[in-house]
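Trainee: Got a sequence here, can you model it:
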Amino acid sequence: MVASEAFPLAKTGGLADVTSALCGALCKRGHDVRLMLPAYRGVRDAARAVPMLELGDPLGVGTTRLLKGRLPGYDVEVWLVDNPGLYDRPGDPYLDPAGHDWPDNHLRFALLDRVAAIVSIAGVPLGWQPQIVHAHDWQAGLVPAYLHWWGGRRPSTVFTIHNLHFAGRFAPDLCSRVALPPAAFSMHGVELYGSFSYLKAGLYYGDRLTTVSPQYAKEIQTPLGGEGLHGLLQSRNVDLTGILNGIDTQQWSPATDPHLATRYDARSLQGKAAAKRALQEELGLAPDASAPLLGSVGRLTWQKGIDLVLEALPLLLERGGQLAVLGSGEPGLESAIRYAAASHPGRVVFRHGYDEPLSHRIVAGSDLFAVPSRFEPCGLTQMYAMTYGTVPIVRHTGGLADTVSDATSATDGVGFVFAHPTGTAFGAALERALDAFADPSLWRELVHRGMQRDFGWSRSAIAYESLYEALVQSREPQEQRPGHEQKQAHPTPA
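Mentor: Presented below is the predicted three-dimensional model:
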């Protein structure tokens, strides 16, 4: 597994949760998994990593070595790409402390991918060689490209799209700098509308492609959802599979969650009422058990649709409700939420930034949870919410459509779903939710249905396992696909 983040070592969003949980689920099923990450500041100590292999300078960016450690909380071995000049920095994995992209991100993630390719081919010094290299999102998109251009025997590759919107686009003259041949920069390669795209590299050169929900796999093959890549994805339809993400039920369970003062389950919901009281006290909201509390946790971006929640805020307040928001993102949206909180003290609260323990308490203490995304490859927070007995309001898109059925269903409704990405449509769904909240027996039924859903990784891990096994058995050469006629051997870079 090659990824730019993994919980709890480095996390900015759902990618980190998925990477760790999938690795853990596969290990539990008896597979031998190694997870490769950059050695960001603090990660080496957290993983208790020790030196494993000196790599020299494989990309002309300074001395690099491989460290070996463990993923805390999971029985997974972690390999860390250690290059202090590139990774030992303040800020998150992608942004400097001022919130700007690091200007050398193209090199930071090219080095990660180059090292992954090197150790996958030259497995003898490590005493271990993979059958499959599974790369996640644009930051790992060059792994399949490097392995393709290497020539000779190599592991099979799987590339997973977590969000097609982020294409990892850089200057078109990047090929030689990241040790790919000039022939790679073409329509049949890494070129995307004149730029060099790491995501396009993964999509084009990966032996198999997956994305994180069945519905999203359909949406990205359309002009509306394909971000300009729908033609390529349509041409690779037989290689593309939508596998729904799961959630880590060891990290996310109201019965065992260490971040909650009082734990609970579906058979005993008194603890959920206590979680609401505790959250209201912690955030400075009015201590009112009868007030419907709407929670939101995540990136504050146009994609996530927090502006739709703000449009419907007057309705929520008119009905006696409260709003708790945790996150960070676009300055305009942050300012709008701050203004709402300042205008309605005790009713609206905003906590800026990333706070893992608080995110658990907001999920547990809220009655309703807003996930009004304009598009959403999978989404995890709606699954966390239902697991904690919190009823989601979601837009019918991507993984939200795959996981949340509308409460109008008498048999399996677990939330409130709306179709159009407008404040009016979200408000109509919110009004239906508030009406249901006012009916204790109906609300209790919705809560129980959600908590009885199984969102664990077992089924998803089995689906990945089947994909891996079929790929290993087929060993289909990449060069048989259209557009690979230009393949040539590429010298070993180490």
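Trainee: which regions of the chain lie under the pLDDT threshold?
Mentor: Low-confidence segments of the chain, defined by pLDDT under 70: 124, 410, 476-494.
Trainee: all strands of the stretch 201-350 of the chain, in order?
Mentor: 208-211, 240-242, 293-297, 322-327, 348-352 (DSSP state E, counting those that start in this stretch).
Trainee: For the fourth one, name the packing helices and strands.
Mentor: Same thing as strand 322-327. Here strand 322-327 touches helix 270-283, strand 293-297, helix 306-311, helix 313-318, helix 331-343, strand 348-352, helix 356-365, going by 3 or more Cβ pairs under 8 Å, 6 or more residues apart in numbering; DSSP states H and E. Yep, even glycine has a C-beta here, placed from its N, CA and C like the rest.
Trainee: repeat that with 6 Å
Mentor: For strand 322-327, the packing partners by 3 or more Cβ pairs under 6 Å, 6 or more residues apart in numbering; DSSP states H and E come out as strand 293-297, strand 348-352, helix 356-365.
Trainee: Would you list the phi and psi of residue 290?
Mentor: Note on residue 290: backbone dihedrals following degrees, to the nearest 10 are phi -90, psi -10.
Trainee: quick one, what contacts it?
Mentor: Shown in contact with residue 290 (Cβ atoms under 6 Å, 6 or more residues apart in numbering): no residues.
Trainee: The residue lying closest to residue 475 once chain neighbours are set aside bridge partners, please.
Mentor: Distances taken as Cβ to Cβ, 6 or more residues apart in numbering put residue 156 closest to residue 475, at 6.8 Å, once the chain neighbours are dropped. Per DSSP bridges, the residues bridged to residue 156 are residue 132.
Trainee: Please tell me how far residue 156 sits from residue 467.
Mentor: Counting by Cβ to Cβ, to the nearest Å, the gap from residue 156 to residue 467 is 10 Å.
Trainee: what sits in contact with each of the two?
Mentor: With Cβ under 6 Å, 6+ apart, residue 156 and residue 467 have no common neighbours.
Trainee: more neighbours, those two?
Mentor: Neighbours were counted for residue 156 and for residue 467 using other Cβ atoms under 10 Å; residue 156 has more, 23 against 17.
Trainee: isn't that one right up against residue 133?
Mentor: No: taking contacts as Cβ atoms under 6 Å, residue 156 lies outside contact range of residue 133: 7.5 Å.
Trainee: which ones are touching residue 338?
Mentor: residue 350.
Trainee: Residue 359 now?
Mentor: Counted by Cβ under 6 Å, 6+ apart, residue 359 has contacts 297, 326.
Trainee: Look up how far residue 259 lies from it.
Mentor: In terms of Cβ to Cβ, residue 359 sits 8 Å off from residue 259.
Trainee: Just give me the neighbour total for residue 224.
Mentor: 9.
Trainee: Dihedrals phi and psi, it?
Mentor: The phi/psi pair for residue 224 (degrees, to the nearest 10) is phi -70, psi -40.
Trainee: Distance check, it against residue 215.
Mentor: From residue 224 to residue 215 the distance is 13 Å (Cβ to Cβ).
Trainee: could you dump the strands of the stretch 201-350 of the chain to TSV with mean neighbour count and distance to residue 52?
Mentor: Below are these laid out as TSV (neighbours: other Cβ atoms under 10 Å; distance: least, Cβ to Cβ, whole Å):
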stretch	mean neighbour count	distance to residue 52
strand 208-211	24	29
strand 240-242	20	33
strand 293-297	25	37
strand 322-327	24	37
strand 348-352	20	39
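Trainee: want to throw the ones you listed into CSV with distance to residue 92?
Mentor: Formatted as CSV, those follow (distance: least, Cβ to Cβ, whole Å):
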stretch, distance to residue 92
strand 208-211, 24
strand 240-242, 28
strand 293-297, 17
strand 322-327, 14
strand 348-352, 14
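Trainee: For residue 447, which of the ones you listed is the nearest?
Mentor: When the strands of the stretch 201-350 of the chain are compared by Cβ to Cβ, strand 293-297 sits nearest residue 447, at 13.6 Å.
Trainee: quick one on the thing from earlier: and residue 341, which of the strands of the stretch 201-350 of the chain is closest to it?
Mentor: strand 348-352 (4.4 Å).
Trainee: buried stuff in stretch 69-80?
Mentor: 69, 71, 74, 76-80 (16 or more other Cβ atoms under 10 Å).
Trainee: Report the two of those separated the most.
Mentor: It's 74 and 80 that sit farthest apart of the buried residues of stretch 69-80, by Cβ to Cβ, at 15.0 Å.
Trainee: Now render the helices and strands packed on strand 322-327 as CSV, adding distance to residue 164.
Mentor: Below are the helices and strands packed on strand 322-327 laid out as CSV (distance: least, Cβ to Cβ, whole Å):
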stretch, distance to residue 164
strand 293-297, 23
strand 348-352, 28
helix 356-365, 25
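Trainee: between these, which one is nearest to residue 140?
Mentor: Across those (criterion: Cβ to Cβ), the nearest stretch is helix 356-365, sitting at 23.5 Å.
Trainee: Run the chain-centre distance for that closest one.
Mentor: In terms of Cα atoms, centre = their mean, to the nearest Å, the centre of helix 356-365 is set 18 Å apart from its chain centre.
Trainee: what's the next secondary structure element after that helix?
Mentor: strand 368-371 (DSSP states H and E).
Trainee: Just list what that next one packs against, helices and strands only.
Mentor: Counting by 3+ Cβ pairs under 6 Å, 6+ apart, strand 368-371 packs on strand 293-297, helix 381-387, strand 391-395.
Trainee: partner strands of it, parallel or antiparallel?
Mentor: Applying DSSP bridges, one finds strand 368-371 paired with strand 293-297 (parallel), strand 391-395 (parallel).
Trainee: Now that we have those, can you turn them into a markdown table and tack on distance to residue 236?
Mentor: Below are the strands paired with strand 368-371 laid out as a markdown table (distance: least, Cβ to Cβ, whole Å):
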| stretch | distance to residue 236 |
| --- | --- |
| strand 293-297 | 34 |
| strand 391-395 | 27 |
